[in-house]
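Colleague: Give me a 3D structure for the following:
(chains A and B)
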Protein chains: 2
Amino acid sequence: MKIGIIGLGLIGGSFALSAKKSIPDCSLYGTDNNPVHQKEAYQLGIINKSLTPSNYSQMDVIILAVPVNAVLEIILPLLDQINDNALLIDVGSTKEIICEKVKLHSKRNQFLATHPIAGTEFSGPSAANENLYKGKAQILCEVNKTRPDLLEWAVQWFKNMEMRIQEMGPIEHDQHIAYVSHISHISSFMLGKTVMEKEKDEKAIFDMAGSGFASTVRLAKSSPSMWAPIFMQNKKNILDVLTEYISNLEEFKQLMQANDYESIYQKIEHTNTIKRILEGIK
Amino acid sequence: MKIGIIGLGLIGGSFALSAKKSIPDCSLYGTDNNPVHQKEAYQLGIINKSLTPSNYSQMDVIILAVPVNAVLEIILPLLDQINDNALLIDVGSTKEIICEKVKLHSKRNQFLATHPIAGTEFSGPSAANENLYKGKAQILCEVNKTRPDLLEWAVQWFKNMEMRIQEMGPIEHDQHIAYVSHISHISSFMLGKTVMEKEKDEKAIFDMAGSGFASTVRLAKSSPSMWAPIFMQNKKNILDVLTEYISNLEEFKQLMQANDYESIYQKIEHTNTIKRILEGIK
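Modeller: Below you'll find the predicted structure:
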């Protein structure tokens, strides 16, 4: 079986390593527009050969693991070039615009829209890990638009990787993911920015910051190439939750200004119920 | 040596366990205004005996590990009651108001103001851990106001616990700590609140939230009894950094509304320099 991976970073590289482990007799073909990453992926044994437009049609499966703006640029030409029994899987963090883009293509039924809920704040092939997806959720959108035999193969593969399969519509996906992922990144990017601006003394940050600070700004290490396009493609939902977040912070500020620490106590106590929710996150 | 601990939660309990490990022949006397915690601390072997006003004067050292509002209420009566060679150590997250409170007391030189930069989002005696402070920063304020022999003993003890000693003024402490700790908690409390309000479908949070969400809202599990008083006592510095944080989020929102993803890219890229800072946080 020939598997092509476009984008050899954390996400694509981890799919390649998972495929090597879970699919017998598979050959991994890969490409990355960063030549250093391409070379590194060879050296780390993530891929066996180069994926090029000339061998696209030989692939049985192609995983598209590039930033979501690049997905929009290459997805239609890619569908044109795959063979009539191949499956194209996209793994981006937005789904509505991508599903909309492919909906009229003659090979729409050879496409599967997915979002594996996994990742770290690290990037590049060296961050790839064959167990990244183990136990993680794999969201599938519009499964009824994918050819049943191709869908069945993909679902079985994800199950072999021990992923938890969830199905939902692309619009619903983009709304939920704005709440539980995209807003966390904005909160963390702007918190990191604020602290670096206010705290001119870097040594004080080193010396005084504890694990709480490190935890809340961990996502501020995430890549702009990946995240700026996500914010663009999920604009409406993100603006909605960001507006609410700013409004909650404003209200907190006003309570502090009014010395109403009793209300602050109650807000914190209520928010503590998130413990129960966090315990459910695998 | 007799050591008294007032407040047997995560912080006080961990000091008790560290003392058992690092001070030969010490007896631990403890008290907590929650009788369940007091009993639990016995059962877990954190303390040997009850600390009561009748035996305050027998203690060689007393650690005050209660919420910072309670510190203000009991610190002067406590100083009145300790013997003339005892040391009282406070370990709260604010320092200016506490140092101000004791400055005219006749036993001011038997007091040491500290802030150990350690903790987790868990609370109570069962969260206590003898290694909580190992490798962590211990901030000492106004060391020149503490009797040299008592200060020397305390510093040696903290060093035996493998803490990194830092000295700074209480005003400077409260400013830096607003940046690197207090604002992270507000960011996390309000993020947790926002997501729980917007995402009515709790199951979607369980299923779709990944480690990034868990990381940014981890601190939202922190106790209101501990945190509301900290926000009250460090109001000025926190309002200052909170205002800046809200303004950065507003600017991010406006860039999204204007579809200026190039500027968003640049902001994220600049914030990525926090990687270097985070690598320095032990």
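Colleague: Show me which helix runs longest in chain A.
Modeller: Ranked by residue count, the top helix of chain A under DSSP state H comes out as helix A:235-257.
Colleague: Using neighbour counts, pick out the buried residues of that one.
Modeller: Residues of helix A:235-257 classed as buried: A:235, A:237-238, A:240-242, A:244-246, A:248-250, A:252-253, A:255-256 (neighbour count, 16 or more other C-beta atoms under 10 Å in any protein chain shown). In short, each C-beta sits where N, CA and C put it, glycine included.
Colleague: so which of these are also by chain B?
Modeller: A:235, A:238, A:240-242, A:244-246, A:248-250, A:252-253, A:256 (C-beta under 8 Å from any C-beta of the partner chain).
Colleague: what's in contact with the longest helix of chain A?
Modeller: Defining contact as C-beta atoms under 8 Å, 6 or more residues apart in numbering or on different chains, one finds that helix A:235-257 is touched by A:174-175, A:177-179, A:182-183, A:186-187, A:231, A:261, A:263-264, A:267, B:186-187, B:189-191, B:193-195, B:197-198, B:231, B:235, B:238-239, B:242-243, B:245-246, B:249-250, B:252-253, B:256-257, B:259.
Colleague: can you count the residues close to residue A:160?
Modeller: 13 (other C-beta atoms under 10 Å in any protein chain shown).
Colleague: Who are the contact partners of the closest residue to it other than its chain neighbours?
Modeller: Spatial nearest neighbour of residue A:160, chain neighbours left out: residue A:22 (4.4 Å); criterion: C-beta to C-beta, 6 or more residues apart in numbering or on different chains. Neighbouring residues of residue A:22 by C-beta under 8 Å, 6+ apart: A:157, A:160, A:161.
Colleague: Need phi/psi at residue A:22.
Modeller: phi -110, psi -10 (degrees, to the nearest 10).
Colleague: could you measure it against chain B, distance?
Modeller: Using C-beta to the nearest C-beta, to the nearest Å, one gets 21 Å for the distance from residue A:22 to chain B.
Colleague: Equivalent analysis for residue A:38, please.
Modeller: 22 Å.
Colleague: Would you map out the domains in chain A?
Modeller: Split into domains by automatic domain parsing, chain A comes to A:2-168, A:172-279.
Colleague: any idea how far chain B is from residue A:211?
Modeller: Per C-beta to the nearest C-beta, residue A:211 is found 7 Å from chain B.
Colleague: List the contacts of stretch A:42-53.
Modeller: So stretch A:42-53 is contacted by A:4-6, A:8, A:13, A:16-17, A:27-31, A:38, A:41, A:59, A:62, A:81, A:125-126, A:128 (C-beta under 8 Å, 6+ apart).
Colleague: I figured residue A:114 was touching residue A:89, is that so?
Modeller: Yes: here residue A:114 reaches residue A:89: they are 5.8 Å apart, a contact under C-beta atoms under 8 Å.
Colleague: List the residues that are in contact with both of the two.
Modeller: In contact with both residue A:114 and residue A:89: residue A:154, using C-beta under 8 Å, 6+ apart.
Colleague: Confirm residue A:88 sits in a helix?
Modeller: No: the assignment for residue A:88, made by DSSP: H, G, I helix; E, B strand; the rest coil, is strand rather than a helix.
Colleague: Provide a list of residues in contact with it.
Modeller: Contacts of residue A:88 by C-beta under 8 Å, 6+ apart are A:61, A:62, A:64, A:75, A:78, A:79, A:82, A:107, A:110, A:111, A:112.
Colleague: Which of the residues you listed fall in helices?
Modeller: Filtering the contacts of residue A:88 for helices - DSSP H - leaves A:75, A:78, A:79.
Colleague: Hmm, the second one is touching residue A:56, no?
Modeller: Yes: using C-beta under 8 Å as the test, residue A:78 is close enough to residue A:56 to be in contact (6.9 Å).
Colleague: hey, what's in contact with both of these two?
Modeller: Between them, residue A:78 and residue A:56 share the contacting residues residue A:62, judged by C-beta under 8 Å, 6+ apart.
Colleague: So residue A:225 is in contact with residue A:68, correct?
Modeller: No: checked against C-beta under 8 Å, the pair residue A:225 and residue A:68 is beyond contact range at 10.3 Å.
Colleague: Just the strands from the stretch 1-150 of chain A, written as ranges.
Modeller: Using DSSP state E, counting those that start in this stretch, the strands assigned to the stretch 1-150 of chain A run over residues A:2-6, A:27-31, A:49-50, A:61-64, A:87-90, A:111-116, A:137-141.
Colleague: any idea of the pLDDT on residue A:135?
Modeller: In this model, residue A:135 is scored at 93, pLDDT.
Colleague: these two touch, right, it and residue A:159?
Modeller: No: the criterion here is C-beta under 8 Å, and residue A:135 misses it with residue A:159 at 12.0 Å.
Colleague: What parts of the stretch 51-200 of chain A come near chain B?
Modeller: Within the stretch 51-200 of chain A, the positions lying close to chain B (C-beta under 8 Å from any C-beta) are A:117-121, A:136-137, A:139, A:164, A:166, A:176-177, A:179-181, A:183-199.
Colleague: For residue A:37, give its distance to residue B:231.
Modeller: Distance check for residue A:37 against residue B:231: by C-beta to C-beta, to the nearest Å, it reads 45 Å.
Colleague: Settle it for me: which of those two has more neighbours?
Modeller: residue B:231 (26 against 21).
Colleague: and the helix or strand containing the more buried one, what does it pack onto?
Modeller: In the assignment (DSSP states H and E), residue B:231 maps to helix B:224-233. Helices and strands touching helix B:224-233, by 3 or more C-beta pairs under 8 Å, 6 or more residues apart in numbering or on different chains; DSSP states H and E, are helix A:261-271, helix B:68-81, helix B:183-198.
Colleague: how about 7 Å then?
Modeller: Counting contacts by 3 or more C-beta pairs under 7 Å, 6 or more residues apart in numbering or on different chains; DSSP states H and E, helix B:224-233 packs against helix A:261-271, helix B:68-81.
Colleague: number of nearby residues for the closest residue to residue A:59 other than its chain neighbours?
Modeller: Computed as C-beta to C-beta, 6+ apart, the closest residue to residue A:59 that is not its neighbour in sequence is residue A:4, at 4.1 Å. Using other C-beta under 10 Å, residue A:4 is surrounded by 28 other residues.
Colleague: ok, residue A:4 - contacts?
Modeller: A:29, A:51, A:56, A:59, A:62 (C-beta atoms under 7 Å, 6 or more residues apart in numbering or on different chains).
Colleague: Can you lay out these as CSV showing distance to residue B:97 and pLDDT?
Modeller: Putting the contacts of residue A:4 into CSV (distance: C-beta to C-beta, whole Å; pLDDT from 0 to 100) gives the following:
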residue, distance to residue B:97, pLDDT
A:29, 65, 98
A:51, 63, 97
A:56, 67, 97
A:59, 67, 98
A:62, 62, 98
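Colleague: Sort out which one of those lies nearest chain B for me.
Modeller: residue A:62 (24.5 Å; C-beta to the nearest C-beta).
Colleague: ok, what's across the strand from the closest residue to that closest one other than its chain neighbours?
Modeller: Of all residues not flanking residue A:62 in the chain, residue A:4 sits nearest, at 4.2 Å (C-beta to C-beta, 6+ apart). Note on residue A:4: beta-bridge partners by DSSP bridges are residue A:29, residue A:62.
Colleague: what's the distance between residue A:4 and residue B:136?
Modeller: Where residue B:136 is concerned, residue A:4 sits at a distance of 48 Å (C-beta to C-beta).
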